[in-house]
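J.: any chance you can model this:
(chains A and B)
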Amino acid sequence: MKITICIGSSCHLKGSRQVVETLRSLIEQNDLKDKIELGGVFCMGKCQQGVCVTVDGEFFSVTPDTVKTFFRDNVQAKL
Amino acid sequence: MIETRKFDTKVQVLKYKVLRQVARLAWNDELVNVVDIPKMIVPGKIPTMRCCVYKERAILAERVKLAMGGDKSNPNVIEVIDIACDECPIGGYEVSTACRGCLAHRCESACRKGAITFDANHTAYIDKDKCVECGACAKVCPYSAIVNHKRPCENACKIKAISMNEDKAAYIDNNKCIQCGACVYQCPFGAIMDKSYILEVINILKESDYSHKNKVYAVIAPSISSQFIYAKLGQVISGIKALGFYAVVEAALGADMVAYEEAKELAEKGFLTSSCCPAFVEYTQKQFPKLKQHISTNLSPAATISKYIKETEPGAKIIFIGPCTAKKAEYKKPQLREYVDSTITFEELQALFDSREIDISSLEEDVLDNASYYGRIFARSGGLCDAVAQALKERGINDFELKAVPCDGIEECRTALLKASKNVLDGNFIEGMACTGGCIGGAGCLIHGDKSKADVDKYGREAYEKTISDSISVLNK
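T.: You can find the predicted model right below:
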């Protein structure tokens, strides 16, 4: 599974670092390093909906507050 | 006059007008009419700069060629327009008519070579066979009557790559020149110019259908924070996107990445010279080949972040926008060619804005925030040293004591490299910046003001991320 997080300026200011760091630690805690690839990209063109995240191409709007629920519902549930 | 608000000198304004006109035609696929451009800029019959309009237009035709990429057979980014060269006098120290024929003769006393004599009117005269051009006489004359006739280009070129050819025009020795552009900014007649790759940029944007077919990224140098002072930085970002760029990324994030890696390399190797400034790197390679092995193996910040973007976004095109003429030579090097697709300066960006009638001061403010304070202050002298010190701390490298030598301008670089080559340098890290003040003094800057350093520091403090580790953590490297 490939998770891509927008690290462009707008998403960065909305907390993309916190999203990346939380995802990274959740992946480690759940021992999913072999199954999930994390990546960054500068701008997904949907700045209003940041922090922009895609899971295998499917778009999600995530915030540092919702990242844990997002991980449970849209990452773990689909593995 | 809007143009003088944007630039330091009228030479820059003239160059800008040519670039803007070439760009206007290029956007509209009308570049077939280049021969008409000089007349568009200098209409009528009354000369405004030279002896006649015909000479003005002949010189403008040369500027048009440079705006379109210049002489392909000359590998140097910097070119002399010989018909524009005023062939300034090069007599060195000479006594001017301001000499009053006084009694004190301080000039004579100050001259240790006995080169000063007096004629029947008691006016001083300098014997050029004896004079060593030390300038001691000029310093003591109460009338400031002794002047140094030195060509501004030769004076600007501290590495002595400029001399005079047989026609008395300026001549650049490509074996010595490091393409820093100091002469470009200093020549009062605009006779030395940097080649422009705006046509390359316009083509990339057009071919991408303005980032609809493939994404075109602008990587911008942190010195931009001292430029475009008539608008907000956020408006400059909006302007760049209005030109058709998909996104704007800070080269300063590449600087954060470089500082983090450089700290490690420095601690391992024990001595390094920086690799951020392409003119400094070229100078080291050309004049101190023995020190080559000590040049940091890191790519420059712009190339580092461009490489990251190319790896994460296949098909992306990258244009670097900065203050630097040497960067125009750097991106054409084989090891960088796949990362950076073209390079322009802030001067050229201004011309591109205006060629599209984009008034950035009327645009909404966009955001720009990718890098930390430390990555951003790379734009001024001493910034890289501060960043490497910080990176050593953040990495927890305690068993290495940093002794940084920040070199502001190519003369300081030469002194440090000379000492290093003789193993007498009191330091283990040379930060080399060819331009005085650092990148904020670059030849491709619109303005070179006293406030530039403060502007860069302010921009640094405004960064959302406060540490290098935090800034690069999003990259997941």
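
J.: would you mind measuring from B:Glu330 to chain A?
T.: 22 Å (Cβ to the nearest Cβ, to the nearest Å). Heads up, the C-betas are built off the backbone N, CA and C, glycines and all.

J.: okay, the closest residue to that residue other than its chain neighbours: pLDDT?
T.: Once flanking residues are discounted, B:Glu330 sits nearest to B:Pro278: 3.9 Å by Cβ to Cβ, 6 or more residues apart in numbering or on different chains. At B:Pro278 the predicted local distance difference test score is 97.

J.: try B:Glu87
T.: Value for B:Glu87, per-residue pLDDT: 84.

J.: count the residues that sit near it.
T.: 14 (other Cβ atoms under 10 Å in any protein chain shown).

J.: likewise B:Val95?
T.: Neighbour number of B:Val95 under other Cβ under 10 Å is 20.

J.: try B:Glu94
T.: Residues within reach of B:Glu94, counting by other Cβ under 10 Å, total 17.

J.: what helix or strand is it on?
T.: Element membership of B:Glu94, judged by DSSP states H and E, is strand B:92-95.

J.: against the centre of chain B, work out the most remote residue.
T.: B:Ala120 (49.5 Å; Cα atoms, centre = their mean).

J.: need the contact list for that one.
T.: B:Ala120 makes contact with no residue, according to Cβ atoms under 8 Å, 6 or more residues apart in numbering or on different chains.

J.: quick one: pLDDT of it?
T.: 92.

J.: same check on B:Met1?
T.: For B:Met1, the pLDDT comes out at 45.

J.: before we move on, back to that, dump the residue contacts of the residue nearest to B:Glu330.
T.: B:Gln179, B:Ser300, B:Cys324, B:Ala326, B:Lys327, B:Ala329, B:Glu330.

J.: and which of these is nearest chain A?
T.: Of all these, B:Ser300 has the smallest distance to chain A: 18.5 Å, by Cβ to the nearest Cβ.

J.: and chain A, which of its residues are near chain B?
T.: For chain A, the residues in contact with chain B (Cβ under 8 Å from any Cβ of the partner chain) are A:5, A:7-10, A:12-13, A:16-17, A:20-21, A:24, A:38-43, A:45.

J.: in strands, which of those fall?
T.: Per DSSP state E, strands hold the following members of the residues of chain A next to chain B: A:Ile5, A:Leu38, A:Gly39, A:Gly40, A:Val41.

J.: make a ChimeraX selection of whichever of those residues turn out to be buried.
T.: Here is the ChimeraX command that selects the buried residues among these (16 or more other Cβ atoms under 10 Å in any protein chain shown):
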select /A:5,40,41
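
J.: next secondary structure element downstream of the helix or strand of chain A with the lowest mean pLDDT?
T.: Of all helical and strand segments in chain A, the minimum by mean pLDDT, DSSP states H and E falls on strand A:37-41, at a mean of 93. Sequence order places strand A:52-55 as the next helix or strand after strand A:37-41, per DSSP H and E.

J.: give the rounded mean pLDDT of that next one.
T.: Averaged across strand A:52-55, pLDDT comes to 96.

J.: what packs against it?
T.: On a contact count with 3 or more Cβ pairs under 8 Å, 6 or more residues apart in numbering or on different chains; DSSP states H and E, strand A:52-55 meets strand A:2-6, strand A:58-61.

J.: nearest to chain A: which residue in chain B?
T.: B:Ala247 (3.9 Å).

J.: got the contact list for that residue?
T.: A:Gly8, A:Phe42, A:Cys43, B:Lys215, B:Tyr217, B:Ala218, B:Lys241.

J.: how far away is the closest residue to it other than its chain neighbours from A:Arg72?
T.: Nearest residue to B:Ala247 in three dimensions, chain neighbours excluded: A:Cys43, at 3.9 Å (Cβ to Cβ, 6+ apart). Separation of A:Cys43 from A:Arg72 (Cβ to Cβ, to the nearest Å) stands at 27 Å.

J.: same question for A:Phe42.
T.: Using Cβ to Cβ, A:Phe42 is found at 28 Å from A:Arg72.

J.: do the same with B:Ala259
T.: Distance of B:Ala259 to A:Arg72, computed by Cβ to Cβ: 37 Å.

J.: do you know the pLDDT at residue 29?
T.: Because you didn't say which chain, this covers chain A. At A:Gln29, the model reports a pLDDT of 95.

J.: try again with chain B
T.: 94.

J.: which residue is the nearest non-sequential neighbour of residue 45?
T.: This is for chain A. Distances taken as Cβ to Cβ, 6+ apart put B:Tyr246 closest to A:Gly45, at 7.6 Å, once the chain neighbours are dropped.

J.: actually chain B
T.: Per Cβ to Cβ, 6+ apart, closest to B:Lys45 is B:Val53, 5.8 Å.

J.: again with B:Val281
T.: Distances taken as Cβ to Cβ, 6+ apart put B:Ser275 closest to B:Val281, at 5.6 Å, once the chain neighbours are dropped.

J.: hmm, B:Thr297 and the one you found touching each other?
T.: Yes - the criterion here is Cβ atoms under 8 Å, and B:Ser275 meets it with B:Thr297 at 7.4 Å.

J.: will you turn the contacts of B:Ala247 into a markdown table that also has distance to B:Cys183, neighbour count and pLDDT?
T.: Listed next are these as a markdown table, based on distance: Cβ to Cβ, whole Å; neighbours: other Cβ atoms under 10 Å in any protein chain shown; pLDDT from 0 to 100:
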| residue | distance to B:Cys183 | neighbour count | pLDDT |
| --- | --- | --- | --- |
| A:Gly8 | 38 | 26 | 96 |
| A:Phe42 | 36 | 26 | 94 |
| A:Cys43 | 39 | 22 | 93 |
| B:Lys215 | 37 | 21 | 97 |
| B:Tyr217 | 31 | 24 | 98 |
| B:Ala218 | 28 | 22 | 98 |
| B:Lys241 | 34 | 18 | 98 |
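
J.: so which of those are in helices?
T.: B:Lys241 (DSSP state H).

J.: can you tell me the SS state at residue 74?
T.: Assuming you mean chain A. Recorded secondary structure, A:Asn74: helix (DSSP: H, G, I helix; E, B strand; the rest coil).

J.: wrong one, chain B
T.: B:Asn74 ends up coil, using three-state DSSP.

J.: next, count neighbours for it.
T.: Counted with other Cβ under 10 Å, B:Asn74 comes out at 13.

J.: pLDDT score for it?
T.: Listed pLDDT for B:Asn74 reads 96.

J.: cool, the one 10 residues further on as well?
T.: Per-residue confidence (pLDDT) for B:Ala84: 95.

J.: ok, now which ones touch it?
T.: B:Ile59, B:Glu62, B:Phe189, B:Gly190, B:Ala191.

J.: near chain A, which of these show up?
T.: The subset of the contacts of B:Ala84 within reach of chain A, by Cβ under 8 Å from any Cβ, is empty.

J.: show me which pair in those residues is furthest apart.
T.: B:Glu62 and B:Phe189 (12.2 Å; Cβ to Cβ).

J.: who has more neighbours, those two?
T.: Counted by other Cβ under 10 Å, B:Glu62 and B:Phe189 do not tie: B:Glu62 has more neighbours, with 21 against 18.

J.: B:Ile83 is in contact with that one, correct?
T.: Yes - contact between B:Glu62 and B:Ile83 holds when scored by Cβ under 8 Å: they sit 6.7 Å apart.

J.: tell me how many other residues crowd residue 68.
T.: Picking chain A for this. Residues lying near A:Lys68 (other Cβ under 10 Å) number 13.

J.: actually chain B
T.: B:Met68: 19 surrounding residues under other Cβ under 10 Å.

J.: what's near enough to touch it?
T.: Contact analysis of B:Met68 by Cβ under 8 Å, 6+ apart lists B:Val22, B:Leu31, B:Val34, B:Ser196, B:Leu199.
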